[in-house]
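[1] 3D, please:
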Amino acid sequence: MKNLSLKLISIVCFICFLSIENANAQCDQQFIDKCAVSGGQGAKYIKHFRIRFAQSKSKKKKSEGKFFIMLNKGNHYRFLVCNDPSKPGQTIIELSNDYSHFGGNSSGGKEYAVFDFLCSKTGPYYLKMFFKDGQEGCGVCAITLVTD
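    Presented below is the predicted three-dimensional model:
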């Protein structure tokens, strides 16, 4: 009887392990690669940033990721935003530097998959990423250089 119980517990644990792996599989390297190539043929991949958060406990203080990137004057950058379809969170990005806010992928209550930026000054820029309404999610922002 003990042997049967031990086998049953082992099987249940194995099934739970597989279901956990499948639940997180949407936000893996394959998901990031798919996002990075969604910019089209005229865009060259530079870098990506990923966030993964549980639902925020406070509406006022949402979980967010803050990232630093150097951008060069005269370049046309495209920020591609992808969301894990198995999670409710919609990724919002905001681009700024020490002096100005340049926008992001959200305008008028609507989120867009692409944000283009024509860089007019070489220097450090800051990318803030969070989920709309503090929802749970996994999001990727792939930065590309538009070459055509």
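
[2] what sits against Tyr77?
    With contact taken as C-beta atoms under 8 Å, 6 or more residues apart in numbering, Tyr77 is in contact with 46, 71, 116-119, 143-146. Placement of C-beta: from N, CA and C, glycine included.

[3] mind running it again at 10 Å?
    Neighbouring residues of Tyr77 by C-beta atoms under 10 Å, 6 or more residues apart in numbering: 43, 46, 69, 71, 95, 115-119, 125, 143-146.

[4] Tabulate the CA atom coordinates of the helix or strand it falls within in PDB.
    Take DSSP states H and E as the rule and Tyr77 turns out to sit in strand 76-83. C-alpha atoms of strand 76-83 as PDB (Å, rounded to 0.1, in the frame of the first residue of the first chain):
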ATOM      1  CA  HIS A  76      15.700  55.700 -36.500                       C
ATOM      2  CA  TYR A  77      14.800  53.200 -33.800                       C
ATOM      3  CA  ARG A  78      11.800  51.000 -33.600                       C
ATOM      4  CA  PHE A  79      10.600  49.600 -30.300                       C
ATOM      5  CA  LEU A  80       8.600  46.400 -30.700                       C
ATOM      6  CA  VAL A  81       6.300  45.500 -27.900                       C
ATOM      7  CA  CYS A  82       5.100  41.900 -27.400                       C
ATOM      8  CA  ASN A  83       2.900  40.400 -24.700                       C
END
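
[5] What are the phi and psi values at Tyr126?
    Dihedral pair for Tyr126: phi -120, psi 130, per degrees, to the nearest 10.

[6] Not counting sequence-adjacent ones, nearest residue to it?
    Spatial nearest neighbour of Tyr126, chain neighbours left out: Ser96 (5.2 Å); criterion: C-beta to C-beta, 6 or more residues apart in numbering.

[7] Who does the one you found form a beta bridge with?
    With DSSP bridges applied, Ser96 shows beta-bridge pairing to His101, Tyr126.

[8] can I assume it is in contact with Gly103?
    Yes. At 9.0 Å, Ser96 counts as touching Gly103 under the criterion of C-beta atoms under 10 Å.

[9] Work out for me the element the nearest residue to Thr122 once chain neighbours are set aside sits within.
    Leaving out its chain neighbours, the residue that sits closest to Thr122 by C-beta to C-beta, 6+ apart is Lys73, at 4.4 Å. If you go by DSSP H and E, Lys73 is not part of any helix or strand.
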